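Undergrad: Predicted model, plus sequence, below.
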Amino acid sequence: MAGLLKDSGARRIILHGSFSFYAPDYIETELLKHRAYLVKKAKISETDFDILTHTLLDKVILVPFDDFRHEYDHAMQVMETIDENDSPFLAVGLALGIPGIWTEDRHFSRQRLLKVYSTRDLIEQI
């Protein structure tokens, strides 16, 4: 969501094209669910929000639950003491064999299955 809220390093990374990004497909639903809050927080119009959301999501491969279901329980076990809400992201990475995950959630580094990359790490690579 960071890429929506301001013209940030996160937005530049997503739009740069040097990386491939994957996420559970429900994030699209979550963005719409929190649309009013995000529009207000980002201080942009609803039209601009819709355009920006579409532009950013075009750069992310949305993964249906059926494609990571087989790793979901494992991810839930790993993340249960960290943050269960992040389990689907870990499950996507595990299911697709992705070596790392990009996040600013420091607690995510407590899991040891995927390498954690910060925004700074990725900016240094582009």
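TA: Yep, it's here. Numbers count the residues shown, from 1 in each chain.
Undergrad: Just want the most central residue of this protein.
TA: Geometric centre of the chain, nearest residue: residue 23, 5.6 Å, by CA atoms, centre = their mean.
Undergrad: For it, list each beta-bridge partner.
TA: Residues in a beta bridge with residue 23, per DSSP bridges, are residue 62.
Undergrad: That one touches residue 63, doesn't it?
TA: Yes - counting by CB atoms under 8 Å, residue 23 touches residue 63, with 6.8 Å between them. For the C-beta atoms, the positions are set from N, CA and C on the backbone; glycine is no exception.
Undergrad: shared neighbours of these two, anything?
TA: Residues touching both residue 23 and residue 63 by CB atoms under 8 Å, 6 or more residues apart in numbering: residue 92.
Undergrad: Pull the contacting residues for the residue nearest to the centre of the chain.
TA: Residues near residue 23 by CB under 8 Å, 6+ apart: 60, 61, 62, 63, 89, 92.
Undergrad: and the gap between the last one and residue 82?
TA: Spelled out, it's residue 92. Distance, residue 92 to residue 82, by CB to CB, to the nearest Å: 16 Å.
Undergrad: what about those two, which has more around it?
TA: residue 92 (25 against 16; other CB atoms under 10 Å).
Undergrad: For the more buried one, identify the helix or strand it belongs to.
TA: helix 87-96 (DSSP states H and E).
Undergrad: Which neighbouring elements make contact with the top helix by length along the chain?
TA: For the chain, the helix with the greatest residue count under DSSP state H is helix 65-79. With contacts defined as 3 or more CB pairs under 8 Å, 6 or more residues apart in numbering; DSSP states H and E, the packing partners of helix 65-79 are helix 87-96.
Undergrad: and the helix it packs on, average pLDDT?
TA: Averaged across helix 87-96, the pLDDT comes to 97.
Undergrad: what's the pLDDT at the residue of the chain positioned farthest from its centre?
TA: Relative to the C-alpha centroid of the chain, counting by CA atoms, centre = their mean, residue 45 is the outermost residue, at 22.8 Å. As predicted, residue 45 sits at a pLDDT of 92.
Undergrad: Thanks again, I'm all set now.
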